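Engineer: fold the following.
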Amino acid sequence: METISRYLMLGGIIIFLIGGGIYLTAKFGIPLGRLPGDIRIEGENGSFYFPLTSSILVSVILTIVLNLISRFLKK
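Structural biologist: Predicted coordinates for the structure are as follows:
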């Protein structure tokens, strides 16, 4: 039971940090989801939206942050 509780607490912390990051991007006016390169197709019967540039930007930032965290934990 201890391992399940640890995973749940870790998941809660991760969700909290993601929410804080989304809040800060909105607070500072970063147009995440509306960057140049995000694909938006609107038609009469529906629309399609794929945030390509935003996804790449988030991926690069998460890669850098996770690499820094793993380097600090190895020492």
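Engineer: please make it C-alpha for all contacts and neighbour counts, starting now.
Structural biologist: OK.
Engineer: what pLDDT is listed against the most far-flung residue of the chain relative to its centre?
Structural biologist: Distance from the C-alpha centroid of the chain, by C-alpha atoms, centre = their mean, peaks at residue 44 (31.0 Å). Here the pLDDT value assigned to residue 44 is 92.
Engineer: may I have the phi/psi pair for it?
Structural biologist: Backbone torsions of residue 44, given as degrees, to the nearest 10, read phi -70, psi -40.
Engineer: do residue 28 as well
Structural biologist: Dihedral angles (degrees, to the nearest 10) for residue 28: phi -90, psi 0.
Engineer: distance of the residue most central in space within the chain relative to residue 69?
Structural biologist: Nearest residue to the geometric centre of the chain (C-alpha atoms, centre = their mean): residue 58, 5.4 Å. The gap separating residue 58 from residue 69 is 16 Å, by C-alpha to C-alpha, to the nearest Å.
Engineer: what of residue 41?
Structural biologist: 38 Å.
Engineer: now residue 24
Structural biologist: Going from residue 24 to residue 69 by C-alpha to C-alpha gives 21 Å.
Engineer: ok, longest helix in this structure?
Structural biologist: helix 2-27 (DSSP state H).
Engineer: am I right that residue 48 sits in a strand?
Structural biologist: Yes: per DSSP: H, G, I helix; E, B strand; the rest coil, residue 48 lies within a strand segment.
Engineer: pLDDT at the residue nearest to it when sequence neighbours are not counted, what is it?
Structural biologist: Closest residue to residue 48 apart from its sequence neighbours, by C-alpha to C-alpha, 6 or more residues apart in numbering: residue 41 at 5.1 Å. At residue 41, the pLDDT value in this model is 92.
Engineer: ok, residue 70 to residue 3 distance?
Structural biologist: Per C-alpha to C-alpha, residue 70 is found 21 Å from residue 3.
Engineer: can you check residue 51 too?
Structural biologist: In terms of C-alpha to C-alpha, residue 51 sits 36 Å off from residue 3.
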